[in-house]
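A.B. asks: next input, structure requested:
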Amino acid sequence: VSVLQRIGCPGDHFFLFNHILRCPAGISEWAVPFIQIKVLDNPSGVFHFMQSLALLMSPVKNRVDFMCHMKPSERKSSSSSGKESGNWTLVDEGGEEDEDPETSWILLLEDDLISLLSQFPFHELFQQFLGFKSGG
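C.D. replies: Sure, this is the predicted structure:
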């Protein structure tokens with residue numbers, strides 16, 4: 001990861017980001033520093049930012065196929081005081097769940113998505129668009 005971040009091209013960064021998005025839930029604990037997006041002083045910085053944001057906001061292709069080999073054998077459904085899953089359950093007006101409990105373990109946690117989104121330097125993007133210098 002270090003070599004790809006240091007000397008890799010934007011394609012290498014997209015490769016790394018795609019692999020992180022296909023990892024099991026809990027990536028906020030270890031993979032977030034691997035996503036580094038620089039907008040300022042980077043000729044392709046805006047493109048890299050927007051393409052990475054599009055990857056994060058779009059459904060990850062073939063994630064279900066990739067994750068099927070990692071299905072947990074037994075889920076702990078006890079109501080212990082441990083950390084909750086962080087998944088939201090969407091219910092329609094009839095009270096039916098939109099989410100299938102058999103496949104809900106495949107989804108990324110809300111903390112994962114927030115942590116990944118926090119790696120996007122929106123302040124640098126606006127500085128680039130508005131022509132502000134970091135010195136004032």
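A.B. asks: following the helix or strand bottoming out on mean pLDDT in the chain, which helix or strand comes up?
C.D. replies: Lowest by mean pLDDT, DSSP states H and E among the helices and strands of the chain is helix 63-67, with a mean of 74. Downstream of helix 63-67, the next assigned helix or strand under DSSP states H and E is helix 110-117.
A.B. asks: how far does the next helix or strand after that following helix sit from its chain's centre?
C.D. replies: Using DSSP H and E, the helix or strand that follows helix 110-117 in sequence is helix 122-130. Distance, stretch centre to chain centre, for helix 122-130: 21 Å (C-alpha atoms, centre = their mean, to the nearest Å).
A.B. asks: give me the contacts around helix 122-130.
C.D. replies: If you take C-beta atoms under 8 Å, 6 or more residues apart in numbering as the criterion, helix 122-130 is touched by 38-40, 45-46, 49, 132-134. Glycine gets a C-beta too; all of them are placed from N, C-alpha and C.
A.B. asks: also stretch 10-18?
C.D. replies: For stretch 10-18, the surrounding residues in contact (C-beta under 8 Å, 6+ apart) are 1, 4-5, 8, 34-37, 44, 47-48, 51-52, 55-56, 60.
A.B. asks: inside helices: which ones of these?
C.D. replies: 4-5, 47-48, 51-52, 55-56 (DSSP state H).
A.B. asks: what subset of those residues is buried?
C.D. replies: Taking 16 or more other C-beta atoms under 10 Å as the criterion, what is buried in the ones in helices among the contacts of stretch 10-18 is 48, 51-52, 55-56.
A.B. asks: now tabulate the residues you listed in CSV and tack on distance to I27 and pLDDT.
C.D. replies: CSV is the format used below for these (distance: C-beta to C-beta, whole Å; pLDDT from 0 to 100):
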residue, distance to I27, pLDDT
H48, 20, 93
Q51, 19, 95
S52, 15, 95
L55, 14, 93
L56, 12, 93
